[in-house]
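A.B. asks: sequence and predicted structure, then a few things I'm wondering about:
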Amino acid sequence: MRLISRIAVSVLSLPLLATVMVGQSAPPSGDTYTSNPGATMNHGGDTILNVDSSANSYIQFNLAPVPTGTTVTKATLRLYASDVNHSGTLNVYPVTSSWDEGTLTYITNPSLGTLATSVALNASNINDFVVIDITSLVQGWLSNPSSNHGIALKASSSGDFTFASKEANTISHEAELEVALNGPTGPAGPTGPAGPAGATGATGATGAKGATGNTGPAGPAGPTGATGPKGDTGPKGDTGAKGDTGATGAAGPAGPTGATGATGAAGPAGPTGATGATGAAGPAGSTGPAGPAGSTGPAGPAGADGAAGPAGAAGPEGPAGPAGPGVSGTTGTIPVFSTSSTLGDSPITVNGTNVGIGGANNTTLDVLSVLTQAGGGGLATIGLVDPSSGDYGYSEFDTWLQNPNASTPSVALWNIGAEGDYSDGGVLSNQDMYIFNPATGTYNFFVDGSNNVYVGGNAFPYNSDSSTLFAAFTGNVGIGTITPAKKLEVNGDAQIDGTLYGAGGGPVTLSGGDYAEAVNVKGSIRNYEPGDVLVIGNDGQGEIQKSSQPYSTMVSGIYATRPGLVGHRQSLLKGADSIPMGMVGVVPTKVSTENGPIHKGDLLVSSSTAGYAMKGTDRNRMLGAVIGKAMGDLPAGSGVIDVLVTLQ
């Protein structure tokens, strides 16, 4: 964050012997805003200050350069309203605890005091300055410097405002604190010389002595002497050191891959029918007659077994067992158990290699089709949160290509998913969705938890975002920037191969009223300010510096306050210090009356005061030295008036 501490002092027009009144102007030493959603994000580097029902802005001023021994008579806060998205009330509160613009987030918002003042804003305030009286706050800060923690800007429930921050270099309309001070009484001017005595009249004839007449009136006083010369302007204060840049937050861990679901159990087999009864055995053959009993001889060897008798006739067949469960269904349809023992049709069909859910898949290229119910429907993936990772979870649809002959048979094409944190209390936070290219490791599309959209490049807002296009939830669109302050903001070169039209096909309306060109300046850019009269320098080629000689024919333009169009030469180094130099149109210009009072229509030339113009009166020296025509009056002193720039 850059730290600006310049102090501009101007002496107001004063009557003789009056208390000296001095105007002190201070830019902010720190400004930022915080917002919820995005409660952990720091916006210290943004070029805008947002104020709405969920965003507060904070501004702090360094009052150390204010001289001691002076009294604050009035202090006003000056804000530039770049947008009023919705009318409402802007409330100003004193901040009662310390904060730092490089680290402040919504979660670490500082404490606030009671409401100091309020002002109503509407569309008429867009692209204009809003002036708010905060005299009592500044008086308190000067009497107790340790209480100066700045101010907080909050909106009513309906208000939605955008102001320029000190990082908005393109318009230079940062917040400013203007303080009017009363200093000690200056010395009295010298008394003017007495006027000359009148000539003595001729002596008249002596008349008769009359009565003594009344005493005549006193003669008129002589004219007052000229006012003494104006004192020198004090030196400009030193520029403060630049603040350190805050550290970049670490990227969050990737979510785990979900487990594969279990395979369903196989259906039971039907019961086996009962076995038929065994047939009866056949009848035994008849026994032969017994032989006579012989003497008992020695036992002979056992005779061979006799032949088996013929088999008996088969018995009758037993009754059939009971039938198993019935199986029926539609051809090409995956079955499902309609009861514990009955199969029926499921909503899944098979047609060759094609599968359909809810209806037949007769397409040529799609191997899976889903027909929803009447009114529509969709496919759902559900991610289970992980309590050990802060209730984080994600759900993703991945596409792949496969080649069995490749060294890596499968390769990922695109991942489309969403993620977030879902607590046990039912609070959803940090949700976003994305399209990710695994081959390049980049996000081509991203929507964050605040409904901001990032497209192209590496569209990952949490770590080194380099998206090509950004569409904010507020309706603003940025190309090359993720902090657009307008409906469209382009950070970089743009080319239009066609015609640019304004509203309704009419002319294009620019934000300012003059044409300027970006020019390099001699020395530090901090030594220049809008309204300076500029001349061609004597050193580097194309280098510009403040004017310091009267009737300079090197005059080239005015440091533009708010140009409508800024040209940029291709040969000009974009990294060098440059300012917009107004060359055509109406430009606020610093002028002085060192060559007499300035009136509308006077031709203006450079003066002996650095950066100031004066009225030109020497016609012999004005050729090539004229800056333009005065469009306002300046009776005495120095100031800023509008000038119609017409270099001659």
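C.D. replies: Arrived safely, thanks for sending. Numbering: from 1, shown residues only.
A.B. asks: break this structure into its domains for me.
C.D. replies: 8-185, 333-370, 387-491, 512-646 (automatic domain parsing).
A.B. asks: which residue ranges form the strands in the stretch 401-550 of the chain?
C.D. replies: 410-422, 428-437, 442-447, 453-455, 469-471, 477-479, 488-490, 514-520, 533-536, 544-546 (DSSP state E, counting those that start in this stretch).
A.B. asks: kindly reformat these as CSV containing mean neighbour count and distance to G624.
C.D. replies: Yep, even glycine has a C-beta here, placed from its N, CA and C like the rest. Output for the strands of the stretch 401-550 of the chain, formatted as CSV (neighbours: other C-beta atoms under 10 Å; distance: least, C-beta to C-beta, whole Å):
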stretch, mean neighbour count, distance to G624
strand 410-422, 15, 66
strand 428-437, 17, 61
strand 442-447, 19, 57
strand 453-455, 20, 52
strand 469-471, 19, 48
strand 477-479, 19, 43
strand 488-490, 13, 38
strand 514-520, 22, 19
strand 533-536, 22, 12
strand 544-546, 22, 17
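A.B. asks: in TSV: the ones you listed, plus distance to N36.
C.D. replies: Shown next, in TSV, are the strands of the stretch 401-550 of the chain (distance: least, C-beta to C-beta, whole Å):
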stretch	distance to N36
strand 410-422	15
strand 428-437	10
strand 442-447	18
strand 453-455	20
strand 469-471	20
strand 477-479	22
strand 488-490	24
strand 514-520	39
strand 533-536	46
strand 544-546	46
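A.B. asks: among these, which is nearest T349?
C.D. replies: strand 410-422 (26.6 Å; C-beta to C-beta).
A.B. asks: neighbouring contacts of the closest one?
C.D. replies: The contact list for strand 410-422, computed with C-beta atoms under 8 Å, 6 or more residues apart in numbering, reads 255, 383, 385, 390-402, 428-439, 449.
A.B. asks: with adjacent residues omitted, what lies nearest to S35?
C.D. replies: A55 (4.1 Å; C-beta to C-beta, 6 or more residues apart in numbering).
A.B. asks: which residues does T363 contact?
C.D. replies: 354, 369.
A.B. asks: for S450, give me phi and psi.
C.D. replies: phi -100, psi 10 (degrees, to the nearest 10).
A.B. asks: let me see the contact set for it.
C.D. replies: Taking C-beta under 8 Å, 6+ apart as the test, what S450 contacts is 35, 37-38, 473.
A.B. asks: derive a ChimeraX selection command for the buried subset of these.
C.D. replies: A single ChimeraX command is used to select the members of the contacts of S450 judged buried by 16 or more other C-beta atoms under 10 Å:
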select :35,37,38
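A.B. asks: return the subset of the contacts of S450 lying in strands.
C.D. replies: The strands, defined by DSSP state E, take in S35 from the contacts of S450.
A.B. asks: nearest to P67 among the contacts of S450?
C.D. replies: S35 (38.4 Å).
A.B. asks: returning to what we had before: could I get the domains of the chain as a markdown table with mean pLDDT and distance to P316?
C.D. replies: Output for the domains of the chain, formatted as a markdown table (pLDDT from 0 to 100; distance: least, C-beta to C-beta, whole Å):
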| stretch | mean pLDDT | distance to P316 |
| --- | --- | --- |
| domain 8-185 | 85 | 88 |
| domain 333-370 | 84 | 33 |
| domain 387-491 | 88 | 62 |
| domain 512-646 | 90 | 111 |
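A.B. asks: now render those domains as CSV, adding distance to A311.
C.D. replies: Shown next, in CSV, are the domains of the chain (distance: least, C-beta to C-beta, whole Å):
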stretch, distance to A311
domain 8-185, 95
domain 333-370, 43
domain 387-491, 63
domain 512-646, 115
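A.B. asks: wait, which of those domains is closest to G312?
C.D. replies: Of the domains of the chain, nearest to G312 by C-beta to C-beta is domain 333-370, at 42.5 Å.
A.B. asks: returning to that earlier point: among the strands of the stretch 401-550 of the chain, which comes closest to K615?
C.D. replies: Among these, the nearest to K615 by C-beta to C-beta is strand 533-536 (13.2 Å).
A.B. asks: for that closest one, which strands pair with it and how are they oriented?
C.D. replies: Using DSSP bridges, the strands paired with strand 533-536 are strand 544-546 (antiparallel), strand 555-559 (antiparallel).
A.B. asks: so how far is the longest one from its chain's centroid?
C.D. replies: Taking C-alpha atoms, centre = their mean, to the nearest Å, the mean C-alpha location of strand 555-559 is offset from the chain mean by 34 Å.
A.B. asks: with just CA atoms, put it into PDB.
C.D. replies: The C-alpha trace of strand 555-559 is given here as PDB (Å, rounded to 0.1, in the frame of the first residue of the first chain):
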ATOM      1  CA  VAL A 555       3.900  26.300 -22.700                       C
ATOM      2  CA  SER A 556       2.300  22.900 -23.600                       C
ATOM      3  CA  GLY A 557      -0.800  22.300 -21.500                       C
ATOM      4  CA  ILE A 558      -2.400  21.900 -18.100                       C
ATOM      5  CA  TYR A 559      -2.200  18.900 -15.600                       C
END
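A.B. asks: relative to strand 514-520, how tilted is it?
C.D. replies: With axes from the mean of the first three to the mean of the last three C-alpha atoms, to 10 degrees defining the directions, strand 555-559 sits at 100 degrees from strand 514-520.
A.B. asks: strand 555-559: what's the following helix or strand?
C.D. replies: strand 565-567 (DSSP states H and E).
A.B. asks: kindly reformat the strands paired with strand 533-536 as CSV containing distance to G159.
C.D. replies: Formatted as CSV, those follow (distance: least, C-beta to C-beta, whole Å):
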stretch, distance to G159
strand 544-546, 41
strand 555-559, 34
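A.B. asks: nearest to A516, out of those strands?
C.D. replies: strand 555-559 (7.5 Å).
A.B. asks: residues near the closest residue to A39 other than its chain neighbours, how many?
C.D. replies: Distances taken as C-beta to C-beta, 6+ apart put Y106 closest to A39, at 4.0 Å, once the chain neighbours are dropped. Y106 has 19 neighbouring residues, counting by other C-beta atoms under 10 Å.
A.B. asks: give me the most central residue, the chain.
C.D. replies: Taking C-alpha atoms, centre = their mean, the centroid of the chain lies closest to T483, which sits 3.0 Å from it.
A.B. asks: measure it to A560 for me?
C.D. replies: Distance, T483 to A560, using C-beta to C-beta, to the nearest Å: 24 Å.
A.B. asks: swap in H568?
C.D. replies: Taking C-beta to C-beta, one finds H568 at 14 Å from A560.
A.B. asks: the helices in the protein, which residues?
C.D. replies: 135-143 (DSSP state H).
A.B. asks: and L623, what does it touch?
C.D. replies: 553, 648.
A.B. asks: what's around the nearest residue to M41 once chain neighbours are set aside, how many residues?
C.D. replies: Excluding the flanking residues, the one nearest M41 by C-beta to C-beta, 6+ apart is T105, at 6.3 Å. Other residues lying near T105 total 17 when counted by other C-beta under 10 Å.
A.B. asks: isn't T105 up against T40?
C.D. replies: Yes. Using C-beta atoms under 8 Å, T105 is in contact with T40, at 5.4 Å.
A.B. asks: now do G498: how many residues are near it, please.
C.D. replies: By other C-beta under 10 Å, neighbour count at G498 equals 6.
A.B. asks: please report phi then psi for it.
C.D. replies: Here G498 shows phi and psi, under degrees, to the nearest 10, equal to phi 170, psi -160.
A.B. asks: any figure for the gap between the nearest residue to G502 once chain neighbours are set aside and V566?
C.D. replies: Spatial nearest neighbour of G502, chain neighbours left out: V508 (4.4 Å); criterion: C-beta to C-beta, 6+ apart. Applying C-beta to C-beta, the value for V508 to V566 is 15 Å.
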